[in-house]
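# coords below, sequence missing:
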């Protein structure tokens, strides 16, 4: 069974590894007994589910969360229950993959319009006039 991401991408559950650790913060009496925080690991480079372009964009998008080996690590400890943190970590992974799957819109080079050129030249003339006014007039050397 796979996890549907969207954009024609289905992740296999075996591609995702989760570790449960003790979380600091809220937890009441269970805080020192129950491992509620979740560390999710996803090997981007070895994932057969992701196309190469998506892998490249995901590596760039993840930044510091990716190890030197290309493994994405997501730490979820926002909630008090293990299940809620597990869901949170998985949702964050899927959100990142969806964002990486959306191909960036190609940039179309544009040129400044006539009005923009005129404004720029007008500003340059004003600036030049200000600088000209600062000059001290030198007395004639006759």
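Thanks, I have the structure now. Being a predicted model, the structure only gives us computed values, none of them experimental.

# low-confidence ranges in this protein?
1-2, 4-8, 10, 23-33, 137-142 (pLDDT under 70).

# gap between the most centrally placed residue in the chain and residue 92?
Geometric centre of the chain, nearest residue: residue 61, 4.1 Å, by Cα atoms, centre = their mean. From residue 61 across to residue 92, the span is 12 Å (Cβ to Cβ, to the nearest Å). For the C-beta atoms, the positions are set from N, CA and C on the backbone; glycine is no exception.

# how many residues are close by residue 56?
13 (other Cβ atoms under 10 Å).

# show residues contacting stretch 114-134.
residue 112 (Cβ atoms under 8 Å, 6 or more residues apart in numbering).

# and it, how far out from the chain middle?
When C-alpha coordinates are averaged (Cα atoms, centre = their mean, to the nearest Å), stretch 114-134 and its chain have centres 40 Å apart.

# please apply the same query to stretch 96-111.
13 Å.

# and what of stretch 113-131?
Between the centre of stretch 113-131 and the centre of its chain there are 38 Å (Cα atoms, centre = their mean).

# what comes up buried for it?
Residues of stretch 113-131 include none that count as buried (16 or more other Cβ atoms under 10 Å).

# and for stretch 101-113?
In stretch 101-113, the ones that count as buried by 16+ other Cβ under 10 Å are residue 101.

# correct me if wrong: residue 86 contacts residue 16.
No. Using Cβ atoms under 8 Å, residue 86 and residue 16 do not qualify as a contacting pair, with a distance of 10.3 Å.

# which residues in this protein form helices?
Using DSSP state H, the helices of the chain run over 52-62, 82-101, 114-134.

# could you dump those to TSV with distance to residue 73?
Supplementary listing: those in TSV, determined by distance: least, Cβ to Cβ, whole Å:
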stretch	distance to residue 73
helix 52-62	9
helix 82-101	10
helix 114-134	46
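
# which among the ones you listed is found nearest to residue 3?
When the helices of the chain are ranked by distance to residue 3, counting by Cβ to Cβ, first place goes to helix 82-101 at 7.2 Å.

# got the angle for that closest one vs helix 52-62?
Between helix 82-101 and helix 52-62, the angle formed by their directions is 120 degrees, by axes from the mean of the first three to the mean of the last three Cα atoms, to 10 degrees.
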